[in-house]
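Enquirer: everything below, folded, please.
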Amino acid sequence: MTDQDETGLSVGLKKLLIASLGGILMLFLLGYLAGYTAVALENETLLFRHYAMISGTAVLAILVSLACLRLWPESGDEIVSETTRKSNRLLQVFMALGVAIGVSLVIIEGPETSVLFSNGPVSSFFALFAIGFWLVVVPPLTWIWWRTVDEHEASAYKDGALVAGHVYLFLAPTWWVAARAGWVPAQDPMIVFLIIATLWSAVWLYRRYV
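Expert: Prediction:
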């Protein structure tokens, strides 16, 4: 994609920057909002400063979201197919659903458990909800999205899977052996999962927009 906007950046590169940087900033703001709200609720009585911080962070998150939508470039000669529009809408729904569930679980479990960033014990409710969502809800949603994508996005997604799969193929055994030799800490499955998922997404977005 060689189209450029008034800033001189290619349209694809600008989309990639907005998607990645805007997404990271939104996750940070929503994570902070969930954590601060949970801590504030522990005091039972919300003070004015609590309302101010919570509402201010929520407004900032909304502004970031609106800014991303406003800055999202449109190529004048780019024809967007109906399948692309549908897959984009599905991705937006998935992102909103994921953020909502993550924030809800942090509030339910409480900030002291660090439920999303630790290997500590969790409640039975959390386990049933998380496992049920991951095994029952996510697979059909993923299949529906995959059936809507066009050839370009499917190819980009496959490239991401190919790179991430090969990185996992070499990373996991190497880390496992190095940990047994005492060179590195023991392997954490979720850290490896996040590395692979991040790499997969990065390659997919790059191949899709650049």
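Enquirer: would you confirm that Ile195 contacts Leu171?
Expert: Yes: counting by Cβ atoms under 8 Å, Ile195 touches Leu171, with 7.2 Å between them. Yep, even glycine has a C-beta here, placed from its N, CA and C like the rest.
Enquirer: in the helix or strand harbouring Ala127, what counts as buried?
Expert: Per DSSP states H and E: Ala127 is located in helix 124-132. By 16 or more other Cβ atoms under 10 Å, the buried positions in helix 124-132 come out as Phe129.
Enquirer: please list all residues in contact with Phe94.
Expert: 141, 145 (Cβ atoms under 8 Å, 6 or more residues apart in numbering).
Enquirer: got the phi and psi for it?
Expert: phi -60, psi -40 (degrees, to the nearest 10).
Enquirer: now it: how far from Phe129?
Expert: 17 Å (Cβ to Cβ, to the nearest Å).
Enquirer: now the lengthiest helix in the chain: average pLDDT?
Expert: Determined from DSSP state H, the single longest helix within the chain is helix 11-42. Summarised as a single mean, pLDDT over helix 11-42 is 73.
Enquirer: that helix - contacts with which helices or strands?
Expert: With contacts taken as 3 or more Cβ pairs under 8 Å, 6 or more residues apart in numbering; DSSP states H and E, helix 11-42 sits against helix 48-71, helix 82-109, helix 189-209.
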